[in-house]
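Visitor: Let me see the structure of the following:
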Amino acid sequence: MLEQIKYINHLNEVVEFGKNGLFVNENDLHDFTWKVTSKNDRISSFTKGVTKFSLPVVIKCSTEEEGVALKNRLFELCEKDVLANKYGRFVIGEYYLKCFITGSKVSDYSKGKSYATQKLTIQTDQPYWIKEIQFSFSPDAIAEGSNLDFNNDFPYDYASNILYAILNNNNFVASNFRMNIYGIASNPTVTISGHDYTVNTTIGSNEYLTIDSIEKTIILTRKNGEKVNCFNLRDKDSYIFEKIPSGTCTVAMNGDFRIDITLLEERGVPKWT
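Guide: You can find the predicted model right below:
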């Protein structure tokens, strides 16, 4: 069965494989390899480093005009990422891989303008397939006495100016995350399963602070769109990029601000469905 895959470049331009004349044959996107480091015949560590995949592609369009346009569009969409040095994404099901398409070997193009085969080379220094799962916590709704009903049916209590909630991380290992804290807030602390995530700054009305554990960034977005680097304002006594544990996690906040937590569920290969 030919696989349906999307590639989305950094400008959100999309090409879909598996339809409209563009198809994918069996490939190694579901393969994985760890590089093993050893010392004295003992394995000491595992790494992945820069990882390369190959994607065999078939272009088979109804007309020559469509075939020429598709070949040109596929190249241009991928080349924009490389020239800008900004990741594109391959998407399979609910998972995406941040990567670049760094090469193509074309063959069978002499059969006609509507047909060709290509082998795309894909490279990434972030060789993990990611599924994003978002949770939102709003103390205002709770303060009014109403219960929030999210997809996972979280129980909430509100007491002593601290919001307590439950976050279910269903991944089989601890997960990276992206956390948005919305103002107004002063020196906000979010505590997840006993671990504090604290930034010693003030978030104004219509502003938000983003903590990204993969990118290792802490960015305050002002209401005028200005981006402020708050990395040096993190509380250094508690690691700000600590992954969120697998399983049921308690969440607490030291104020009545609103937060979004996006779990970045990472896998070496996308889930088979």
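Visitor: Can you show me the helices along the stretch 51-200 of the chain?
Guide: For the stretch 51-200 of the chain, helices defined by DSSP state H, counting those that start in this stretch occupy the ranges 64-84, 139-143.
Visitor: any idea which of these scores lowest on pLDDT?
Guide: Of all the helices of the stretch 51-200 of the chain, the minimum mean pLDDT falls on helix 139-143 (a mean of 48).
Visitor: so residue 38 touches residue 46, yeah?
Guide: No - Residue 38 lies out of contact with residue 46 (CB atoms under 8 Å); the separation is 10.5 Å. In this view, the C-beta of every residue, glycine as well, is placed from N, C-alpha and C.
Visitor: For residue 24, which non-adjacent residue is spatially closest?
Guide: Closest residue in space to residue 24, ignoring its immediate chain neighbours: residue 17 at 4.5 Å, by CB to CB, 6 or more residues apart in numbering.
Visitor: where does stretch 219-230 sit relative to the chain's centre, distance-wise?
Guide: Centroid separation between stretch 219-230 and its chain, computed with CA atoms, centre = their mean, to the nearest Å, is 21 Å.
Visitor: and what of stretch 130-139?
Guide: Between the centre of stretch 130-139 and the centre of its chain there are 13 Å (CA atoms, centre = their mean).
Visitor: before we move on, what about stretch 42-59?
Guide: So, by CA atoms, centre = their mean, the centroid of stretch 42-59 is 18 Å from its chain's centroid.
Visitor: tell me which residues of that stretch are tucked away?
Guide: 51, 53, 55, 57, 58, 59 (16 or more other CB atoms under 10 Å).
Visitor: closest to residue 220 among those residues?
Guide: Comparing the buried residues of stretch 42-59 against residue 220 with CB to CB picks out residue 51 as the nearest, at 33.2 Å.
Visitor: beta partners for that closest one?
Guide: Here residue 51 sits in beta bridges with residue 124, as judged by DSSP bridges.
Visitor: That one touches residue 127, doesn't it?
Guide: Yes - using CB under 8 Å, residue 51 makes contact with residue 127 at a distance of 3.9 Å.
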